[in-house]
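Asks: Sequence first, predicted model second:
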Amino acid sequence: MTNEVQLRNVIESDLLILFKQQLDPEATAMAAFPSRNRDAFMAHWAKIMADEANILRTIVFDGKVAGNIVGWEDSGEWEVGYWIGKEYWGKGIATRALALFLDLVKTRPLYAHVVKHNIGSRRVLEKCGFKVIGEEPEEFILKLSGQEEESQ
């Protein structure tokens, strides 16, 4: 097997793996997002999978579920977020997955939020063209502009 990163539709059998990944205390600290218990996690995923406007992909690395990447609309703005299982950190997987996602999802501008202490995730976003446009007490807000926006 090559160390290829692929995106595919989320399938039900991915959910248990994704659930276990979000239980990792170091990962939840990096995301500054609390883990959910199994029922809450499955209910959340059932809800987001039922909304056809959401764009949900499983990140596959070397044939294994490495995480997920999601695009959704919030108050008229499109956002992207991702979660990489801790055992897959530091391998360039998030950057490659985000690049693939941006090829798939052409909506611009696209926004992302990253906790200030999560330098690795900020670097992933910046490598893919996102720029910091603001900050809140705990996080940076990043934006990926469309070409027509940048030329104005």
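Replies: Arrived safely.
Asks: Tell me which helix or strand comes right after the helix or strand containing Asn68.
Replies: Element membership for Asn68 (DSSP states H and E) is strand 64-74. Heading C-terminal from strand 64-74, the first helix or strand you meet, by DSSP H and E, is strand 77-84.
Asks: Can you spell out which helices and strands pack onto the helix or strand following that following strand?
Replies: Along the chain past strand 77-84, the next helix or strand (assigned with DSSP H and E) turns out to be helix 93-104. Using 3 or more CB pairs under 8 Å, 6 or more residues apart in numbering; DSSP states H and E, the elements in contact with helix 93-104 are strand 5-9, strand 55-61, strand 64-74, strand 77-84, helix 119-127. C-betas here are computed from N, CA, C, even on glycine.
Asks: can you redo these as JSON lines with mean pLDDT?
Replies: Below are the helices and strands packed on helix 93-104 laid out as JSON lines (pLDDT from 0 to 100):
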{"stretch": "strand 5-9", "mean pLDDT": "98"}
{"stretch": "strand 55-61", "mean pLDDT": "98"}
{"stretch": "strand 64-74", "mean pLDDT": "97"}
{"stretch": "strand 77-84", "mean pLDDT": "97"}
{"stretch": "helix 119-127", "mean pLDDT": "97"}
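Asks: Could you look over these and pick the most buried one?
Replies: Each of the helices and strands packed on helix 93-104 was scored by mean neighbour count; the highest is strand 55-61, a mean of 21, by mean count of other CB atoms under 10 Å.
Asks: packing partners for that one?
Replies: strand 5-9, strand 64-74, helix 93-104.
Asks: so for stretch 99-114, what's the average pLDDT?
Replies: Summarised as a single mean, pLDDT over stretch 99-114 is 97.
Asks: And that stretch, what's buried?
Replies: By neighbour count with 16 or more other CB atoms under 10 Å, stretch 99-114 contains the buried residues 100-102, 108, 110-114.
Asks: does the closest residue to His44 other than its chain neighbours sit in a helix, a strand or a coil?
Replies: In space, His44 comes closest to Arg36 once its chain neighbours are excluded; the distance is 6.4 Å by CB to CB, 6 or more residues apart in numbering. Classification of Arg36 by DSSP: H, G, I helix; E, B strand; the rest coil places it in coil.
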